[in-house]
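Engineer: Here's my sequence, what's the structure:
(2 chains)
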There are 2 protein chains.
Amino acid sequence: MTSTADRAVVVGLGLIGSSVALGLRKAGWHVTGTDAAPERAERARQLGVVDVLGRDPSARLAVVATPVAAVPEAARALLEADESGALVVTDVGSVKAGIVKAVDHPRFVGGHPMAGSEQEGPDGADPDLFVGSTWVLTPTAATAETSFSVVAGVARDLGADVVALAPDRHDELVAVVSHVPHLTAATLMALAADASEEQGALLRLAAGGFRDMTRIAAGDPTIWPDIFRDNASAVLGVLDALRDRLDEARRIVAEGDRQALVSLLERARHARRNLPARAPRPEEVVELRVPVPDRPGVLAEVTTLLGEQGVNVRDLEIAHSVEGDRGVLVLVVDATTAAVARATLAARGYRPAARSLE
Amino acid sequence: MTSTADRAVVVGLGLIGSSVALGLRKAGWHVTGTDAAPERAERARQLGVVDVLGRDPSARLAVVATPVAAVPEAARALLEADESGALVVTDVGSVKAGIVKAVDHPRFVGGHPMAGSEQEGPDGADPDLFVGSTWVLTPTAATAETSFSVVAGVARDLGADVVALAPDRHDELVAVVSHVPHLTAATLMALAADASEEQGALLRLAAGGFRDMTRIAAGDPTIWPDIFRDNASAVLGVLDALRDRLDEARRIVAEGDRQALVSLLERARHARRNLPARAPRPEEVVELRVPVPDRPGVLAEVTTLLGEQGVNVRDLEIAHSVEGDRGVLVLVVDATTAAVARATLAARGYRPAARSLE
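Structural biologist: Numbers count the residues shown, from 1 in each chain, chains lettered A, B, ... in the order given. Have a look, this model is predicted:
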């Protein structure tokens, strides 16, 4: 029998729950699972998303992946039914303040993996869905540190970067980068569809940009009513900001204000091009260890040199020697630019050693 | 020397002009080209986008791929300089009514390939950029039929489907599927970027949906001022419609109107999933020829059988035999489902023969 340390239960086998289950199985866990819809649960079993249907009473980890409204009750029921006193529960809901307040238990850690697709249910599940994505955790003063460590460890095992945020803060941020964009995509798509009923050729003219913009509108609608209810206040604020900005864009077009238009588009382009890349996979980065004299200016010199050569430094730390006069600068750079980085540093007399992080 | 029938000139070597030039070269044409920016022209030459810089006086085809505002003068200059009386001129501008009215010549055909990318200039050029896309042509009463045929043939040689539309109609349609979506993407991106300056973690939470929605905002801003000026009226109308719909979405969220929200999202999903697919590449489809008795119900039986098995029938016709009692049903299906289609039909006693369209 597998040790209880490696046994998990996933409640709710939609796209995210099934992807978590598959990812855990791939990482060696024994995974049980349930879904309120029997046919979906059965489909998950058939596809090997879970080892067995049901709730393993010896599981150490429970992941609640139901619609947002059902999360608090499901999480509390799991904690109450647990006899070991060791079960750690997390969820994957897209709004966090209400859930975290409703559950409020040392062994509950609110979570939100910022990944998804327009696929649905167990059939759309992908064990690598979270690789390189950001997984938000929303611990509170009540959260036990060990619970946080367990959930953060699982998120990292599934390939994600963990970011801890206060629940309210999380909800404000996702209103901007997820909830309002989703509503806007659906609105644009519905507008084009209605116009197309009058003008048949319209949708044949939809090129890649329109397809990209509306792709998320193809996803499962059923999760959204809960999300918009629970995050209404933040969503309304962002919708108001969006309306103000679209009104300004309308003024720019109406007045033919070329300078303001270029300024808006340049600002958007700059921001889009600087959007943080997905966290790299280990094979995409290389660690360079560079012995350096422990004196001011070394860090600036090295990073400036690399910046001038287009080397993207993803991570950086200085390990000081015990003697205090020498140190080692540890840099994580893109694998594609590692050779340039080494050559650049070598040309200045540094002696970088590279190692893969795979 | 190549025959004049295969010689073209491309004026303006940005992303689209360079992609047209590369596609023409790939199709066997001799291509000359110019750009107002000498360094861009030189880059295009280095990359082999054109055979030679300059304007070949014996070219039979000229493609004007400058910014929209420069198209009429460039097109007229080409037609005036042509001594053969056979040069056909087209353009690739994103707004058509003004251009078509300004040039107004039997050998000018307005055009707009509905393809692009967030890449820029000769370095982003791709000879296959137009494969499977829609290429709008906007002939008028003044357009010579032979000119239309030449340009339509070239668009098809580059892999596109040709759709002919009146210039005004084209401009209304692209306001919905291109111009307003672009402005919205830029506005959403700028909104998130500004919010991110206050809240550092924000853009780390940007998952695939946000990335998809804002991708086009990374593109070259310089083409847009002309587009919004020339198509201001249609763009303003669509912006007003978008604002009305976003106001309605705001009401739905504010009132927690679950039914209206699901209805909006379901409508958008249905429309997005039914967005016409890009025309398939030849290697993606297979033609099945199925001898059938020439009687009512055969067509329905075959198509229903295939539909039940998830086979996507992209094209279909019945070739009747001269005797009248037998025919051949010609189906074009996705290559990935051709084997299923054949097995399904064979199980019902049909004898389908498959052939590749490559």
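Engineer: contacts, neighbours, all on C-alpha from now
Structural biologist: Noted.
Engineer: Quick check: can you list the domain ranges of chain A?
Structural biologist: A:4-166, A:169-273, A:282-356 (automatic domain parsing).
Engineer: what's the spacing between the first one and its chain's center?
Structural biologist: To tie it back to what came earlier, the one meant is domain A:4-166. 14 Å (CA atoms, centre = their mean, to the nearest Å).
Engineer: before we move on, what about the second one?
Structural biologist: For domain A:169-273, the distance from its own C-alpha centre to the chain's C-alpha centre is 20 Å (CA atoms, centre = their mean).
Engineer: Looking at it now, give me its mean pLDDT.
Structural biologist: The pLDDT scores in domain A:169-273 average 91.
Engineer: distance between the ends of that domain?
Structural biologist: The first and final residues of domain A:169-273 sit 25 Å from each other (CA to CA, to the nearest Å).
Engineer: number of nearby residues for A:Pro293?
Structural biologist: 17 (other CA atoms under 10 Å in any protein chain shown).
Engineer: Also A:Val109?
Structural biologist: A:Val109: 30 neighbours (other CA under 10 Å).
Engineer: Then A:Ser149?
Structural biologist: Neighbours of A:Ser149 (other CA under 10 Å): 12.
Engineer: again with A:Ala347
Structural biologist: Count around A:Ala347 with other CA under 10 Å applied: 9.
Engineer: Model confidence score at it, please.
Structural biologist: 85.
Engineer: go on, A:Ser18?
Structural biologist: Reported pLDDT for A:Ser18: 97.
Engineer: Help me confirm that it comes into contact with A:Val49.
Structural biologist: Yes - between A:Ser18 and A:Val49 a contact is recorded at 6.0 Å, counting by CA atoms under 8 Å.
Engineer: Quick check: neighbours shared by the two?
Structural biologist: Common neighbours of A:Ser18 and A:Val49, using CA atoms under 8 Å, 6 or more residues apart in numbering or on different chains, are A:Pro122.
Engineer: Give me the three-state assignment for A:Phe130.
Structural biologist: Put simply, A:Phe130 is coil when judged by DSSP: H, G, I helix; E, B strand; the rest coil.
Engineer: A:Asp126 too?
Structural biologist: Strictly by three-state DSSP, A:Asp126 counts as coil.
Engineer: how close does the residue lying closest to it once chain neighbours are set aside get to A:Ala44?
Structural biologist: Spatial nearest neighbour of A:Asp126, excluding adjacent residues (CA to CA, 6 or more residues apart in numbering or on different chains): A:Ser19 at 5.0 Å. Applying CA to CA, the value for A:Ser19 to A:Ala44 is 10 Å.
Engineer: list residues touching both of the two?
Structural biologist: A:Pro122.
Engineer: Can you tell me the element the residue of the stretch 251-358 of chain A found nearest chain B falls in?
Structural biologist: Ranked by CA to the nearest CA, the top residue of the stretch 251-358 of chain A for proximity to chain B is A:Arg269, at 4.3 Å. Applying DSSP states H and E as the criterion places A:Arg269 in helix A:258-273.
Engineer: Alpha carbons of the top helix by length along chain A, as CSV, please.
Structural biologist: Determined from DSSP state H, the single longest helix within chain A is helix A:232-255. Coordinates of each C-alpha in helix A:232-255 appear next as CSV, following Å, rounded to 0.1, in the frame of the first residue of the first chain:
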residue,chain,number,x,y,z
ALA,A,232,-18.6,41.7,-8.2
SER,A,233,-17.2,44.7,-6.4
ALA,A,234,-13.7,44.4,-8.0
VAL,A,235,-15.1,43.5,-11.4
LEU,A,236,-17.4,46.6,-11.4
GLY,A,237,-14.5,48.8,-10.6
VAL,A,238,-12.5,47.5,-13.4
LEU,A,239,-15.4,47.6,-15.9
ASP,A,240,-15.8,51.3,-15.0
ALA,A,241,-12.1,51.9,-15.6
LEU,A,242,-12.3,50.0,-18.9
ARG,A,243,-15.3,52.1,-20.0
ASP,A,244,-13.5,55.4,-19.2
ARG,A,245,-10.6,54.2,-21.3
LEU,A,246,-12.7,53.1,-24.2
ASP,A,247,-14.5,56.5,-24.1
GLU,A,248,-11.1,58.1,-24.3
ALA,A,249,-10.1,55.8,-27.2
ARG,A,250,-13.4,56.8,-28.9
ARG,A,251,-12.5,60.5,-28.4
ILE,A,252,-9.1,59.9,-29.9
VAL,A,253,-10.6,58.3,-33.0
ALA,A,254,-13.4,60.9,-33.4
GLU,A,255,-11.0,63.8,-33.2
